[in-house]
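Visitor: Make a model of this:
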Amino acid sequence: MKKLLSIIIALAAVCGLLAFGANQLQSSAGSTGKKVLNLYTWGDYIDPNLLTKFQKQTGYHVNVETFDSNEAMFTKIKQGGTSYDLTVPSDYMIEKMKKANLLLPLDKKRLTGMANYDPRFMDLDFDKDNRYSVPYFWGTLGIIYNDKFVKPGSINHWNDLWQSKYRDKIMLIDSARDVMGFSLASMNKSMNTTDPATLLAARNKLNQLAPNVKAVVADEIKMYMIQNEAAIAVDWSGEASEMLDGNDHLHYVVPSEGSNLWFDNLVIPKTAKHFDAIYAFLNFMSEPKNAAQNAEYIGYATPNKKAKALLPKAIRTDRQFYPDDQTIRHLQIYKDLSPAKVGLYNDRYLEFKMHH
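Guide: Next comes the predicted model:
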């Protein structure tokens, strides 16, 4: 009898452990419960300490999945079968997602921090009245140079890159829109032009730059520049911030004649399910203290005006990453172009890369 009782107790204990384990497994899966937020974002695009703080403060567990391009994100959401609550597209992609009916409008009554944002970065053409999006980060396209190889102050404009003394010294970010864009800007043309003759002229000008181009790459630019293996690079401001942190000889310049001004904003895909978590997160990230912490971690410029005021003076007064109004007036936001027009950019860009 004692033996039988022991067996019964043992079986009960095993069943209890199995039930506990099942509950733990279910809670760790995140997306199966109600106290979750499914965030689809760029890699390493939020301070993990903020996710921990948000979870402790609200009880919502954040499941993070990442993408490496706006186009990949768009395709996955359009195909369906996902349950993302928030994602972080760039300006032109927000426009494209609206046209494809992939976004839900914001319930402004549930947002508590919109007044914290800089009015300059609200109500922009890609989302008038911020009907669908909350600003997250913004930045520019510019030139990074190493003062070991380039005289300080000698590079201020796009056309400076074409000087023969920079032969085999320039790294370019592998991006059709950006490389074609700075060539267009150097010609005082719109970075959104769809005129075939103008795009051909931009490609021809890039062909003239080819002898100066050391390589056309992606993330590798950071390594080359930090390790003094290249003199000049064209890249985004956030990437430039990482480079400057890793090498005191590097400088970032936004040409005053014009460049790209980009925005990444938080939006609600039509797949969203956890609306209490969504608005809790949007309000949490709009709090100045949290937005400032995130900006310091990521290195990109915050559109949250009250958060910017909390940043160290060396950061908030740095005109390389927070350019003045005069420079901003000359910057251009990419527009959503039709597939045929995007194809024109890609074709001319690929012709340049083959020429290089």
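Visitor: Which residue ranges of the chain form strands?
Guide: All strands of the chain, identified by DSSP state E, fall at 36-42, 61-67, 86-87, 103-104, 133-146, 170-173, 213-217, 232-236, 250-253, 261-269.
Visitor: Would you tell me which of those strands gets closest to residue 114?
Guide: Closest to residue 114 of the strands of the chain is strand 133-146 (CB to CB; 7.4 Å). Backbone N, C-alpha and C define where each C-beta goes, glycine included.
Visitor: Put the alpha carbons of that closest one into PDB.
Guide: C-alpha atoms of strand 133-146 as PDB (Å, rounded to 0.1, in the frame of the first residue of the first chain):
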ATOM      1  CA  SER A 133       2.400  57.100 -38.100                       C
ATOM      2  CA  VAL A 134       4.300  58.200 -35.000                       C
ATOM      3  CA  PRO A 135       7.900  59.500 -35.700                       C
ATOM      4  CA  TYR A 136      10.700  57.200 -34.400                       C
ATOM      5  CA  PHE A 137      14.000  58.300 -35.900                       C
ATOM      6  CA  TRP A 138      15.200  60.600 -38.700                       C
ATOM      7  CA  GLY A 139      18.500  61.300 -40.400                       C
ATOM      8  CA  THR A 140      20.400  62.200 -43.600                       C
ATOM      9  CA  LEU A 141      22.600  60.900 -46.300                       C
ATOM     10  CA  GLY A 142      26.100  62.300 -46.300                       C
ATOM     11  CA  ILE A 143      29.800  62.000 -46.600                       C
ATOM     12  CA  ILE A 144      32.200  60.600 -44.000                       C
ATOM     13  CA  TYR A 145      35.900  61.400 -44.400                       C
ATOM     14  CA  ASN A 146      39.100  60.500 -42.500                       C
END
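Visitor: relative to strand 232-236, how tilted is that strand?
Guide: Angle, strand 133-146 to strand 232-236, by axes from the mean of the first three to the mean of the last three CA atoms, to 10 degrees: 180 degrees.
Visitor: just the angle between strand 133-146 and strand 261-269, please?
Guide: Using the same axes, to 10 degrees: strand 133-146 against strand 261-269 is 150 degrees.
Visitor: how much space between residue 141 and residue 175?
Guide: From residue 141 across to residue 175, the span is 9 Å (CB to CB, to the nearest Å).
Visitor: Give me the more crowded residue out of these two.
Guide: residue 141 (28 against 18; other CB atoms under 10 Å).
Visitor: out of everything not next to it in sequence, what's closest to that one?
Guide: Nearest non-adjacent residue to residue 141, counting by CB to CB, 6 or more residues apart in numbering: residue 260, 4.1 Å away.
Visitor: That neighbour touches residue 335, doesn't it?
Guide: No - using CB atoms under 8 Å, residue 260 is not in contact with residue 335, being 11.2 Å away.
Visitor: Count the residues that sit near residue 285.
Guide: 21.
Visitor: Now it. Nearest residue, chain neighbours left out?
Guide: Closest residue in space to residue 285, ignoring its immediate chain neighbours: residue 291 at 6.3 Å, by CB to CB, 6+ apart.
Visitor: so that neighbour sits right up against residue 117, yeah?
Guide: No - applying CB under 8 Å, one finds residue 291 not in contact with residue 117, separated by 9.2 Å.
Visitor: Which one's more surrounded, these two?
Guide: Set side by side, residue 291 and residue 117 show more neighbours around residue 291, with 28 against 20, by other CB under 10 Å.
Visitor: and that one, what does it touch?
Guide: 116, 285, 302, 304, 306-307 (CB atoms under 8 Å, 6 or more residues apart in numbering).
Visitor: so which of those residues is the most crowded?
Guide: Within these, most neighbours by other CB under 10 Å means residue 302, with 29 neighbours.
Visitor: Might one say that it is in contact with residue 290?
Guide: No - using CB under 8 Å, residue 302 is not in contact with residue 290, being 10.3 Å away.
Visitor: More neighbours: residue 260 and residue 335, which one.
Guide: Remark: of residue 260 and residue 335, residue 260 carries more neighbours, 24 against 16, as counted by other CB under 10 Å.
Visitor: give the contact list for the more buried one.
Guide: 140-141, 178, 181-182, 191, 331-334.
Visitor: ditto for residue 172
Guide: 179, 213, 215-217, 233-234.
Visitor: From those residues, which one has the minimum pLDDT?
Guide: Least confident entry in the contacts of residue 172, by pLDDT: residue 217, with 92.
Visitor: List the beta-bridge partners for that one.
Guide: residue 173 (DSSP bridges).
Visitor: how many other residues sit next to it?
Guide: Neighbour count for residue 217, taken as other CB under 10 Å: 17.
Visitor: Tell me if I'm right that it and residue 170 touch.
Guide: No - counting by CB under 8 Å, residue 170 is not a contact partner of residue 217; they are 11.4 Å apart.
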